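Participant: Following is a predicted model, sequence given first.
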Amino acid sequence: MKTETYITAALEAFGLSREELMGRSKKSRFCDPRAVLMWRMLKRPNLSLPAVGLIMDRDHTTVLAARRKVDAKLAAGDEAFISLVA
């Protein structure tokens with residue numbers, strides 16, 4: 001699956017515009033879907049933290065933080081967050 005396919009799927013699933021999803025807002029309405037998108041892209045074996053960062057116009061450490069955030073919320077059983085990932 002191409003990275004653009006992931007982005008398009010996220011736009012449709014979360015009902016956001018490209019500007020909202022790829023923007024800099026730290027409101028959970030935008031940053032949670034953004035974190036899920038980065039987490040999903042990292043599941044691809046050929047995409048590294050820096051590669052996802054480049055796609056998302058973020059530093060690789062931001063991508064790492066997003067991955068940790070999603071993993072922690074899934075491990076904690078956060079039902080609201082799990083519904084975002086499903």
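Facilitator: Arrived safely.

Participant: Closest to the centroid, which residue in the protein?
Facilitator: residue 37 (2.5 Å; Cα atoms, centre = their mean).

Participant: host element of that residue?
Facilitator: According to DSSP states H and E, residue 37 maps onto helix 28-42.

Participant: List the residues that contact residue 64.
Facilitator: Residue 64 makes contact with residue 49 under the criterion Cβ atoms under 8 Å, 6 or more residues apart in numbering. For glycine as for every other residue, the C-beta is placed from the backbone atoms N, C-alpha and C.

Participant: Look up phi and psi at it.
Facilitator: phi -60, psi -40 (degrees, to the nearest 10).

Participant: pLDDT score for it?
Facilitator: On the pLDDT scale, residue 64 is placed at 98.

Participant: doesn't residue 8 make contact with the residue nearest to the centre of the chain?
Facilitator: No: assessed by Cβ atoms under 8 Å, residue 37 is found out of contact with residue 8, at 10.5 Å.

Participant: Tell me how many other residues crowd residue 28.
Facilitator: 11 (other Cβ atoms under 10 Å).

Participant: Revised request: answer the last question for residue 9.
Facilitator: 13.

Participant: Repeat that for residue 69.
Facilitator: Neighbour number of residue 69 under other Cβ under 10 Å is 17.

Participant: follow-up on the earlier one: what sits up against the helix holding residue 37?
Facilitator: 3, 6-7, 10, 13-14, 16, 20-23, 25, 47, 49, 52, 55-56, 58, 63, 66-67, 69-71, 81, 84-85.

Participant: Name the residues of it that are buried.
Facilitator: For helix 28-42, a neighbour-count test (16 or more other Cβ atoms under 10 Å) marks 30-42 as buried.

Participant: how about stretch 4-14: buried residues?
Facilitator: Buried, per 16+ other Cβ under 10 Å, within stretch 4-14: 6, 7, 10, 11, 14.

Participant: Tell me if I'm right that residue 44 and residue 51 touch.
Facilitator: No: in this structure, residue 44 is not within contact of residue 51 by Cβ under 8 Å, at 9.1 Å.
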